[in-house]
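>>> Here is my input, please return the structure:
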Amino acid sequence: MRTILGIDLGTSSVKAMLLDVDGGVVGVKAKDYGVDIPYPGWAEQSPEMWWDSLVEVLGCLREMYRDAFEAVCAVGYSGQMHGLVLTGDDGYPVRPAIIWLDQRAGRQLEQISAVLPEEEMGRTFCNRVSSGFAFPSLLWVKENEPDAFARAAHVLSPKDYLRYKMTGEIGAEVVDASSTTMFDTAKRDWAWDVLERFGLPARLFPEVKESADIAGTISPSCAAKTGLPAGIPVIYGSGDQPAQSIGNGVIKSGQIICNIGTGGQISAFSEKPSFDKKLRTNTFCHAVRGGYTIFGATLCSGMSLNWAKNKVLHVDSYEEVNALVSAVRPGAEGLIYLPYLSGERTPHMNPNAKGVFFGMTLGQERGHFLRAVMEGVAYSLKDCLGIIQELGIDAPEIIASGGATASTQWLQIQADILGKPVRASRVKEQACLGSCLLAAVGAGILPSLEEACGRFVSMDERIYLPDQRNADVYRKGYEKYRKLYERLWDVMEE
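Take a look at the predicted model:
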């Protein structure tokens, strides 16, 4: 038996998958955790908490699947993107990680915009710099926590820290490096001139490699703590969005993914670093060597439903959520939801955007609100799809990904609102699978990603077709959804 360990460091949990190269997925384990909000608009997590959670997950895998665990011959990674981890010379974090949900760096964004016009951002980063990205977060630390900044020796992305804990080697790879917006995306190297202009020392930024390159091997100390075989190769890994793209078999042009996890994305593979000239989308390096990923990103997709279920409506289970949604007609009796609980990226790029329920009446109940959340998230992803299509990128169907694939109701809503057939992968942890496949190819265990995806990626037989009976309801709903933001923009800014 030869197995691959794939690790996905998410916002709300860390997951690990054991993949038998000859037999398929052996098992998956996860450990949930929360996001620290020490002040309004802040979002932090402890890197050591990530590591402790991973060690616990690996212990469970070792206990449940001992033979497969002992046969691990390579390790791959995917992880939440954009976050900032600062470590000192001793390798330990100098402060908690600032993650992608963070909104504190408004002043720093203004400073960046004053120095870098949109045209230069596009030419260099292929992106607009946004709240929660490592660039403004690092400037915030430099200005507000000078002692921590002075002690920092390395700028890392979240999953890079876990890889360091496994190998003892500091490094970066192109996907997460490009998602910091301190990176020349087309050149696939740090934007050294920009870093110098903002007083960011070159010593902070590790050498950047491709995602499938080998970063190091399992260290003796990691082996002693986790039970993994010492000396096996660990690849650099990837940000989670390209990893789940690989886990869905999207490694060439002509395919589009709709991912609803904590956040949401409409994403496509590209062979060149194309980008929206209005900088409403993101273009980052892809984990496929030489490729790029282009996507529209929303901040509170699955998180919106989780918020409504747990904090507002107090629904016991997602099974009950789906039952309540099924009992409500499309359009939720005129109730419309704007999912801007943490600001919004595509298409508004506005950290001040706010969540809204509009159209409430005495006749509406919990199911109406839950259905409105699902529909509002799908409307936000329709915004993303429209811009991707403006770039000349399209596909005949949508591949659904993320936790929302567990809801047949939400899959049908996506098909109806996006206006395309929707189908989902049989493997439910696509980012974990993508990290496994990338590691198998990077370590030379499988010859190519094409063969790896052909062997392990398969789709559900059911296809969710757009229901034309709902087309007019959702067309009018989408028009109202877009007008609401336009009419409320000035109030949100206040």
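>>> Go ahead and report the secondary structure state at residue 279.
Secondary structure for residue 279, judged by DSSP: H, G, I helix; E, B strand; the rest coil, is coil.
>>> burial of it, as a residue count?
For residue 279, the number of neighbouring residues by other C-beta atoms under 10 Å comes to 20. Where C-beta positions appear, they are placed from N, C-alpha and C, glycine not excepted.
>>> Next: residue 314.
So residue 314, with other C-beta under 10 Å, has 9 neighbours.
>>> where's it relative to residue 13, distance?
Residue 314 sits at a distance of 22 Å from residue 13 (criterion: C-beta to C-beta, to the nearest Å).
>>> residue contacts, the nearest residue to residue 118 once chain neighbours are set aside?
The shortest distance from residue 118 to any residue other than its chain neighbours is 6.0 Å, reached at residue 279 (C-beta to C-beta, 6 or more residues apart in numbering). Going by C-beta atoms under 8 Å, 6 or more residues apart in numbering, residue 279 touches 118, 121-122, 127-128, 349.
>>> Quick check: the farthest pair among those residues?
122 and 349 (12.8 Å; C-beta to C-beta).
>>> how far away is residue 121 from residue 277?
Residue 121 is 11 Å from residue 277, by C-beta to C-beta.
>>> Quick check on these two: which one has the bigger neighbour count.
residue 121 (19 against 11).
>>> Who are the packing partners of the strand or helix carrying the more buried one?
Element membership of residue 121, judged by DSSP states H and E, is helix 118-125. With contacts defined as 3 or more C-beta pairs under 8 Å, 6 or more residues apart in numbering; DSSP states H and E, helix 118-125 has these neighbours: strand 183-184.
>>> what lines up beside the next helix or strand after the strand it packs on in the sheet?
Once the chain leaves strand 183-184, the next helix or strand it forms, by DSSP H and E, is strand 189-190. Strand pairing for strand 189-190, using DSSP bridges, gives strand 183-184 (antiparallel).
>>> Enumerate the positions of the helix holding residue 121 that are buried.
Neighbour-count burial for helix 118-125, counted by 16 or more other C-beta atoms under 10 Å, picks out 121-122, 124-125.
>>> Could you give the separation of the helix or strand residue 374 falls within from the chain centroid?
Taking DSSP H and E as the definition, residue 374 sits inside helix 366-390. Put simply, helix 366-390 sits 17 Å off its chain's centre (C-alpha atoms, centre = their mean, to the nearest Å).
>>> Give me the helices and strands touching it, please.
Looks like helix 366-390 contacts strand 256-260, strand 264-270, strand 292-298, helix 302-307, helix 318-326, strand 336-338, helix 408-418, helix 471-493 (3+ C-beta pairs under 8 Å, 6+ apart).
>>> on that earlier part again, separation between the residue nearest to residue 118 and residue 99?
22 Å.
>>> same question, residue 43
5 Å.
>>> got any residues that touch both of these two?
In contact with both residue 43 and residue 99: 35, 132, using C-beta under 8 Å, 6+ apart.
>>> now the helix holding residue 374 and helix 318-326, what's the angle there?
80 degrees (axes from the mean of the first three to the mean of the last three C-alpha atoms, to 10 degrees).
>>> what's the next helix or strand after helix 366-390 packed up against?
Next in sequence after helix 366-390, counting helices and strands by DSSP H and E, comes strand 398-401. Counting contacts by 3+ C-beta pairs under 8 Å, 6+ apart, strand 398-401 is packed against strand 256-260, helix 408-418, strand 422-424.
>>> just how off-centre is strand 398-401 within its chain?
Distance of strand 398-401 from its chain centroid, counting by C-alpha atoms, centre = their mean, is 15 Å.
>>> Which residues does that strand contact?
244, 247-250, 255-261, 411, 414-415, 418, 420-425, 430, 459.
>>> What subset of those is buried?
244, 247-250, 255-261, 411, 414-415, 418, 420, 422-425, 430, 459.
>>> Excluding chain neighbours, what is closest to residue 83?
Excluding its sequence neighbours, the residue lying closest to residue 83 (C-beta to C-beta, 6+ apart) is residue 99, at 4.2 Å.
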